[in-house]
Structures are given as structure tokens and as C-alpha cells.
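[1] just to be clear, the model below is a prediction. Sequence and coordinates:
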Amino acid sequence: MYRGYIKTWRKIKEASWYKNPSASHLAQHLIREANHKPIKFFLNNKEIEVLRGQIVTGRLQLSIDTGLSQQAVRTNLKVLKNCNFLTSTSTNKYSIITICKYGVYQGEYEQTNQQTNQQTNQDLTSSQPAVNQDLTTNNNVKNVRIKECKNKNINICAFIKPEIEEIKKYLDEKKIDVVDAETFFNFYESKGWMIGKNKMKNWKAAVNVWAKNNRDKNKKDTLEDFEKSFNVERGKHD
């Protein structure tokens with residue numbers, strides 16, 4: 001999550017729902033959260049494919065992410081659907097929401113004007129060499145800083161949630177048998193990969209914490225069972 005940027009289309013102001021604060025807030029949240037490329041993942045042992053411009057979510061998660069009540073989320077999803085902004089398919093576990101004009105909102109229509117834009121850019125390049133030189137210099141400085149960060153082992157990457165198969169592979173590598181990969185994934189998926197009020201930074205560290213807690217719980221349960229058995233046996237001889 002929180003990777004990269006999206007484009008905001010100015011013409012979106014002409015949408016019928018734009019001046020409806022709740023609907024507008026929800027719509028723009030969905031644009032930000034939608035996948036920018038197709039992905040596949042497993043949920044409840046079933047492979048799900050999510051296409052560009054789609055998002056897998058639910059009313060509860062949208063309520064948490066936007067601050068709207070679940071009833072407000074339900075109402076405004078209907079508003080946006082009636083305005084042909086989105087379509088959705090639902091199961092008893094989740095919904096897949098499709099933003100109908102996601103490509104338009106992200107500027108794909110600009111490709112049809114590529115030749116015109118290319119000529120315009122060439123004209124601008126020849127007439128504004130100083131500006132382009134400044135931009136090039138700034139990009140070079142940014143690239144140098146990124147390389148410096150990498151050399152210093154500074155993590156400049158945003159958190160990327162794991163797939164269930166990744167979690168299973170990690171559990172096998174570390175020989176962790178007290179954590180279920182699907183349970184771990186579904187738990188944090190339902191929470192938006194938040195730990196308390198903070199975004200998760202390292203899912204492997206979270207797996208290790210789960211493993212420690214489960215081992216401690218198992219030890220405690222074993223000790224309690226032993227004490228119960230001991231008391232029962234002692235009672236027989238009293």
C-alpha cells in the first residue's frame with residue numbers, strides 16, 4: 001500500500017456525484033486504492049484475479065479506511081453505481097469493485113495524442129533548454145540520493161503485503177509450525193495490514209511475533225493441563 005502516485009482528472013469535477021461530499025470522498029478513495037495492474041492471490045484456498053481498476057474490499061474495511069459509517073458506505077456505493085462510476089460483484093466474504101473509467105481517470109486517453117504531444121514536447125525542449133537542464137540536474141541528484149540510501153542499507157521501499165504462498169514458504173524455511181499462513185493473512189487483510197494505529201512495516205517480523213506468542217500460549221496450556229492432571233491424581237490418593 002501507499003506506493004507511487006495516481007492522476008487526478010480535472011474533468012472529474014463534472015461528475016454528478018462530485019458535490020456529494022461522502023460519495024466524492026468514497027469515489028476518490030476507490031481510485032487511489034484500485035490496482036494499477038492485474039494481480040492474483042489466494043483467499044480461502046481459492047485463487048482470485050483482480051484486474052487493473054479493481055479493488056477487493058468490503059463495507060467494514062471501507063468504513064475503517066474512509067471514516068464513513070458502514071451504512072454511509074452502503075448508500076454511497078449505490079449512488080456511485082447508479083451514476084455508472086462503478087460496478088461490483090459480491091460474495092459473503094468480500095466484494096470486487098470495478099471503476100468503470102479507471103483508464104480515463106489515469107490518462108490512458110492521452111496515448112491517442114502521443115504524436116501531437118511528442119511534437120509539442122520537442123518544441124518546448126528547443127525553446128526551454130535551461131528549464132530542462134534544471135530538471136535533469138534535479139533528477140540526477142535524486143538518483144544519487146537513492147543510491148546513497150541503498151548503499152547505507154536504508155529501506156526506502158513502502159510495505160508490500162505478502163501473498164499466502166510467500167508466508168507459507170517463509171514458515172517452511174524457518175520451520176515455524178505454530179502459525180497458519182492463511183489465518184495470518186486473513187487477519188491482517190481484514191485490518192488493512194495495520195498493527196494498532198500504524199501501518200505494518202515487516203510482515204516477517206509479525207510472523208515471528210505470532211510464533212512466539214503461540215509457543216508461549218502452548219507452554220502455558222501444557223503446564224495448566226499438567227497441573228490439573230496432577231491435582232486429579234493426588235485427589236485419588238487423599
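    Okay, I see it.
[2] can you name the next helix or strand after the helix-or-strand element of the chain with minimal mean pLDDT?
    One helix or strand of the chain scores below all others by mean pLDDT, DSSP states H and E: helix 129-151, with a mean of 47. Next in sequence after helix 129-151, counting helices and strands by DSSP states H and E, comes helix 164-173.
[3] can you show me the CA trace of stretch 177-186 as CSV?
    Output in CSV follows, covering the C-alpha atoms of stretch 177-186 (Å, rounded to 0.1, in the frame of the first residue of the first chain):
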residue,chain,number,x,y,z
ASP,A,177,4.7,-24.9,12.8
VAL,A,178,2.6,-22.8,15.2
VAL,A,179,1.4,-20.2,12.7
ASP,A,180,-1.2,-20.8,9.9
ALA,A,181,-0.4,-18.8,6.8
GLU,A,182,-4.0,-18.3,5.7
THR,A,183,-5.1,-17.3,9.2
PHE,A,184,-2.2,-14.8,9.5
PHE,A,185,-3.0,-13.3,6.0
ASN,A,186,-6.8,-13.0,6.6
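[4] how is this protein divided into domains?
    10-105, 164-232 (automatic domain parsing).
[5] right, and His25 touches Ala72 too?
    No - using C-beta atoms under 8 Å, His25 makes no contact with Ala72, being 9.6 Å away. The C-beta positions use only the backbone N, C-alpha and C, and glycine is treated the same way.
[6] between those two, who's got more neighbours?
    More crowded of His25 and Ala72, by other C-beta atoms under 10 Å: Ala72, with 18 against 15.
[7] so who does that one touch?
    Applying C-beta atoms under 8 Å, 6 or more residues apart in numbering to Ala72 gives the contacts 22, 63.
[8] helix, strand or coil for it?
    helix (DSSP: H, G, I helix; E, B strand; the rest coil).
[9] so how far is Leu26 from it?
    Going from Ala72 to Leu26 by C-beta to C-beta, to the nearest Å gives 8 Å.
[10] then Val56?
    Per C-beta to C-beta, Val56 is found 16 Å from Leu26.
[11] which one of the two is surrounded by more residues?
    Neighbour count, other C-beta under 10 Å: between Val56 and Leu26, Leu26 has more, with 25 against 18.
[12] in contact with that one, which residues?
    62, 66, 68, 73, 76-77, 80.
[13] Met194 contacts Met200, doesn't it?
    Yes - here Met194 reaches Met200: they are 6.7 Å apart, a contact under C-beta under 8 Å.
[14] show me where the protein dips below the pLDDT cut-off.
    Scanning the chain for pLDDT under 70 picks out the ranges 1-4, 107-158, 221-238.
[15] helix, strand, or coil at Gly192?
    Classified using three-state DSSP, Gly192 is coil.
[16] run a quick neighbour tally on it.
    Applying other C-beta under 10 Å, I find that Gly192 has 15 neighbouring residues.
[17] ok, Lys197 next?
    5.
[18] quick one, helices of this protein?
    For the chain, applying DSSP state H gives helices covering 21-33, 59-66, 70-82, 102-105, 114-127, 129-151, 164-173, 181-190, 203-237.
[19] among the contacts of Leu26, which one lies nearest to Pro162?
    Leu62 (22.4 Å; C-beta to C-beta).
[20] more crowded one of Met194 and Met200?
    Met200 (17 against 13).
[21] list the contacts for that one?
    159, 161, 188, 193-194, 206.
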